[in-house]
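Enquirer: build the 3D model from these lines:
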Amino acid sequence: MSKNDADSVSFPDKNHSDLRADCEHCFGLCCVALYFSASEGFPVDKNAGEPCLNLQPDYRCCVHGNLLERGLKGCIAFDCFGAGQKVAQVSYGGSDWRRVPESSNQMFEVFLIMRQLHELLWYLTEALTLQPAHSIHEALSSMLDRIERLTYLSPDALMDLDVATQREDVNRLLLKTSELVRSEARQGKRTYSKRQKTLGRGADLMGADLTRVDLRGANLRGAYLIAADLRGNDLNGTDFIGADFRDADLREADLSKSIFLTQAQLNAAKGDINTKLPASLIRPRHWCI
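Expert: Below you'll find the model as predicted:
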């Protein structure tokens, strides 16, 4: 990327609008690049690099309107964080994988790399909105700038990028952000019960009844919340980065001040019109059915 290119980079806004999927400007990359397993809520078992059987010539999904009725929870939950349109329109300048088949395999790999970078941008953008972390906002802003510029690298340069190192560097800042936010959320919180002491990063809470557990300021990074009951819970300051929300019950829960929650997590969960969400996230359509 040249200096002029770098100077013209448009950074994500605080509402995450640049980090939302825009399928109209993508080439159905998620429907081709990803490995599918029917047992995980996708149409069929499919190898990475093979088009989904429901992908049409115009790159639209022919069953997108009734994914829920078909039980395609994997498709419902997936979110590319806007990586699809970035790869299609920026990395490859609008040349799709059908017209330029010699670039297809590289394009699919670049999409997977870009998705990771855009996920990091999502978390960093959110972190900059969190007032308890104001003391490290400068470091967060600098890191966001660094990661955003990486997304404008050429496809060849992206293929050579050490994404793991980038994730480690970002995660150190996100951990510090989490500590600051959770510390403030825990102020005045009652003493942990025996049940609360079992909570923490990577906790196995599959099917757990958490309706009466005080989760304010809890560290649930990477927690298994599959089919967990969180109805009516106040989740102020709860860190949900990487948590598995498949079929978690969020009806009437207050997630408006939880941190590092993504659209994909919500899409995989159950909720209703009374579930309170962060301003950056959209209420899943199937919650209102």
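Enquirer: contacts, neighbours, all on C-alpha from now
Expert: OK.
Enquirer: find the helix or strand that Gln187 is a member of.
Expert: In this structure, Gln187 sits in neither a helix nor a strand according to DSSP states H and E.
Enquirer: number of nearby residues for it?
Expert: Gln187 is flanked by 10 other residues according to other CA atoms under 10 Å.
Enquirer: do the same with Gly93
Expert: As a measure of burial, Gly93 has 10 neighbours, counting by other CA under 10 Å.
Enquirer: that one and Pro155, how far apart?
Expert: Gly93 sits 11 Å away from Pro155, going by CA to CA, to the nearest Å.
Enquirer: repeat that for Asn236.
Expert: 40 Å.
Enquirer: what's the answer for Val90, then?
Expert: 10 Å.
Enquirer: so for these two, which sits in the more crowded spot?
Expert: Comparing Val90 with Pro155 by other CA under 10 Å, the one with more neighbours is Pro155, at 22 against 16.
Enquirer: contact partners for the more buried one?
Expert: Pro155 makes contacts with Ser91, Tyr92, Gln106, Met107, Val110, as judged by CA atoms under 8 Å, 6 or more residues apart in numbering.
Enquirer: could you report the pLDDT at it?
Expert: For Pro155, the pLDDT comes out at 97.
Enquirer: can you check Leu199 too?
Expert: 75.
Enquirer: same question for Pro101.
Expert: 89.
Enquirer: can you list the domain ranges for this structure.
Expert: 3-34+78-183, 193-289 (automatic domain parsing).
Enquirer: mind putting those domains into a markdown table with distance to Leu68?
Expert: Shown next, in a markdown table, are those (distance: least, CA to CA, whole Å):
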| stretch | distance to Leu68 |
| --- | --- |
| domain 3-34+78-183 | 13 |
| domain 193-289 | 7 |
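Enquirer: tell me the centre residue of the protein?
Expert: Central residue of the chain (CA atoms, centre = their mean): Thr262, 4.3 Å from the mean position.
Enquirer: ok, that residue - contacts?
Expert: Leu281.
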